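> Model the following, please.
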Amino acid sequence: MDIRHFTAKGKEATLYKASGPDMPLIILNNYAGDGSSVVKAMEQYGGLECNLLSVGGLDWDHDMTPWYCPPLSPDDTPCTGGADEYLDLLLSEIVPQTKELVAGNPSHVGIAGYSLAGLFALYALYKCNLFDRAASMSGSLWFPEFKEFCLSHSMKCNPEKIYLSLGDKEAKSRNKVLKTVQDNTEAIAAHFRNSGLDVKWELNPGNHFKDAAIRSAKGIMEIQ
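Coordinates of the predicted model:
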């Protein structure tokens, strides 16, 4: 596999190139690592049929969050709402550099992410018109006021496909904010469907941390 690396303002980009020209481009924002575990899972479950760009080196609680959220527990850190700033970097530098490296022109561009990156993937649909498809795996849709944001705002363009998933134990939390995640995800999925969008929503066994690479691979394969 042809793998390319580059950096942009401290972000670490790893591109797994498709074997042919004009293949889809999927952007995966990663908490840690270079996306290789997701690529391995995709190869086991059917194959990488896209150009996959994994972006790491993120300031997770800043880059992936749309606005301020206080700590959820005494030993937690706040989310500081830097998604717009990071999205600007993605659009102005990271995606253009990636398009110079892939063969031909991508047939479509998708965005994917796990946890807060799943939140960011949906948020990006409301802030730019680049992404034709989106996948949010175990997305942090518990995020305060995000459901209300989705239900009261319009996307910049309607995506061809949206994939949403959660672990079936994620809502079984003692934290009153985190326990809203499944209700919020189901409400957002219903809103998208009512808006005429092609939405796939599914539950996977386990909590938030189970099979993250496999769940990510499943989501990307749905939109590649």
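> How about the contacts made by the residue located most distally from the centre of the chain?
Distance from the C-alpha centroid of the chain, by Cα atoms, centre = their mean, peaks at Pro74 (27.3 Å). If a contact means Cβ atoms under 8 Å, 6 or more residues apart in numbering, then Pro74 has no contacts. From N, CA and C alone the C-beta is placed, and that goes for glycine too.
> Now for the residue nearest to Tyr16 when sequence neighbours are not counted, how many residues are close by?
The shortest distance from Tyr16 to any non-neighbouring residue, by Cβ to Cβ, 6 or more residues apart in numbering, is to Leu52 (4.4 Å). Burial of Leu52 is recorded as 27 neighbouring residues (other Cβ atoms under 10 Å).
> What strand or helix carries Leu151?
If you go by DSSP states H and E, Leu151 is part of helix 146-152.
> Show residues contacting whichever strand or helix holds Asp183.
Element membership for Asp183, per DSSP H and E: helix 181-194. Helix 181-194 has contacts (Cβ under 8 Å, 6+ apart) with 122, 139-142, 146-147, 150-151, 162, 164, 166, 170-171, 173, 199, 201.
> any idea of the mean pLDDT in stretch 139-153?
Mean pLDDT, computed over stretch 139-153, is 98.
> Return the alpha-carbon coordinates of it using CSV.
What follows is stretch 139-153, C-alpha atoms only, in CSV (Å, rounded to 0.1, in the frame of the first residue of the first chain):
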residue,chain,number,x,y,z
GLY,A,139,-20.2,10.1,18.4
SER,A,140,-20.3,12.3,21.5
LEU,A,141,-23.8,13.5,20.7
TRP,A,142,-24.4,14.0,24.4
PHE,A,143,-22.5,17.3,23.9
PRO,A,144,-24.6,20.1,25.5
GLU,A,145,-26.9,21.9,23.1
PHE,A,146,-25.7,19.9,20.0
LYS,A,147,-29.0,18.1,19.4
GLU,A,148,-30.8,21.4,19.6
PHE,A,149,-28.2,22.8,17.1
CYS,A,150,-28.8,20.0,14.6
LEU,A,151,-32.6,20.3,14.8
SER,A,152,-32.6,24.1,14.4
HIS,A,153,-29.9,24.7,11.8
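> on that earlier part again, show me what the helix or strand that the residue nearest to Tyr16 is a member of packs onto, helices and strands only.
Taking DSSP H and E as the definition, one finds Leu52 inside strand 51-56. In terms of contacts (3 or more Cβ pairs under 8 Å, 6 or more residues apart in numbering; DSSP states H and E), strand 51-56 is packed against strand 11-16, strand 25-29, helix 36-44.
> State the mean pLDDT of whatever helix or strand comes next after it.
Downstream of strand 51-56, the next assigned helix or strand under DSSP H and E is helix 60-63. Per-residue pLDDT values over helix 60-63 give a mean of 98.
> State the pLDDT value of Gly47.
pLDDT, Gly47: 80.
> All the helices of this protein, residue numbers only.
36-44, 60-63, 83-89, 95-101, 116-127, 146-152, 181-194, 212-223 (DSSP state H).
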